[in-house]
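Enquirer: Need a 3D model of the sequence below.
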Amino acid sequence: MSRIHSLQRCLLIIQKIESTPYINFAELTSYLEQELHIRGIYDTGLSRSTIQRDIQDIRTEFSIDIIYCRRNQGYYIDGDSRYSNIERFLDSVDMLSSLNSEAGIHSFVLPEKHRPMGTQHLQSLIKAIKRNSRISFSYLVYGTEQPPFSRVLEPYAVKECRGRWYVIGRTKGRDDMKTYGLDRINDLIILNETFTKDDTIDIPEKFKHSFGIYSSDEFPVEDVILSFDARDGSYLKSLPLHHSQEIITDTKDKFVIRLQLRITLDLVMELMSRSWSLEVIEPLSLRKQIYDICKSALERNMPI
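Expert: Got it, this is the predicted structure:
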């Protein structure tokens with residue numbers, strides 16, 4: 001559990017320094033001891049070296065630069081550091097480890113029973129990405145009779161979508177970028193081969209206009225205007241469909257938004273989950289696609 005405890009301390013340090021810039025060492029130590037005690041981790045009397053080591057780990061492992069300001073006599077997070085996605089990941093670790101460590105909570109804390117497959121590969125993949133190491137694995141394509149095939153990949157990033165994790169990379173000897181679901185990967189090996197990353201490839205930018213894992217240019221970026229009832233609107237305000245979401249209308253009867261993204265299968269599947277109030281305003285091609293799906297579903301589920 002020492003690794004989990006270390007990750008929990010890192011999360012707490014990030015959250016506290018973010019919310020309280022220029023916090024001094026004594027205040028940070030007191031906060032950590034209190035929060036760890038609440039979580040059932042009795043790391044009272046944390047040493048200065050432990051916390052300093054955690055701060056260094058945060059810099060090296062997560063690229064979050066925590067700096068001590070002599071003028072203000074406290075720690076702050078460099079504004080250029082990108083920490084939102086890391087914090088979300090650490091928050092998941094914190095939640096899971098807290099649920100696993102607390103006794104007697106199973107009767108009133110009810111997490112989902114299922115968990116995504118393939119997450120055991122994450123640590124190896126992150127190591128390979130940081131070291132620019134090629135990987136090999138066998139891969140199974142769902143929905144086909146095709147047997148598993150072998151692949152040597154130059155990994156660039158891992159990405160989560162709808163509770164599943166994917167690795168994004170370039171096949172050795174090719175220029176194409178492909179996405180592979182970790183739940184379909186077997187026999188993963190980090191090879192004793194390195195590669196030079198293409199600095200012109202910007203993975204975050206590649207997925208900027210995507211919903212899910214599809215980011216191919218074959219799907220053009222389009223303006224999508226959607227209408228929902230007020231109930232769905234409340235959910236979509238608290239958890240937007242996409243970072244480009246812009247609210248056009250927000251009344252007691254109607255909630256209308258505009259998105260700018262690629263219309264992919266992942267997006268259509270998400271929209272169908274709110275089909276009871278969804279109306280596609282634009283584009284007409286998406287409106288027809290949703291209509292055809294609903295019509296087919298209606299025919300399949302006609303009362304006998």
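Enquirer: Now do the strands in the stretch 51-200 of the chain.
Expert: Secondary structure of the stretch 51-200 of the chain by DSSP state E, counting those that start in this stretch: the strands cover 66-69, 74-77, 133-139, 149-161, 164-171, 177-181, 185-194.
Enquirer: What about residue 292, how many residues nearby?
Expert: By other Cβ atoms under 10 Å, the residues close to residue 292 number 10. For every residue, glycine as well, the C-beta is placed using N, CA and C.
Enquirer: That one: what secondary structure?
Expert: Following DSSP: H, G, I helix; E, B strand; the rest coil, the label given to residue 292 is helix.
Enquirer: what are the phi and psi angles of residue 265?
Expert: Torsion angles at residue 265 (phi, psi; degrees, to the nearest 10) stand at phi -60, psi -40.
Enquirer: Report the contact partners of it.
Expert: Residues near residue 265 by Cβ atoms under 8 Å, 6 or more residues apart in numbering: 212, 214.
Enquirer: And for residue 189?
Expert: By Cβ under 8 Å, 6+ apart, residue 189 lies in contact with 135-137.
Enquirer: how about 6 Å then?
Expert: residue 136 (Cβ atoms under 6 Å, 6 or more residues apart in numbering).
Enquirer: same deal with residue 281?
Expert: Residues in contact with residue 281 (Cβ under 6 Å, 6+ apart) are 225, 227.
Enquirer: tell me which residues in the strand or helix carrying it are buried?
Expert: Assigned by DSSP states H and E, residue 281 belongs to strand 279-282. Across strand 279-282, burial judged by 16 or more other Cβ atoms under 10 Å covers 280-281.
Enquirer: Stretch 155-174 too?
Expert: For stretch 155-174, a neighbour-count test (16+ other Cβ under 10 Å) marks 155-161, 164-170 as buried.
Enquirer: residue ranges for the helices of the chain, please.
Expert: Remark: helices assigned in the chain by DSSP state H are 2-19, 25-38, 48-62, 84-101, 122-131, 203-206, 230-238, 265-272, 284-300.
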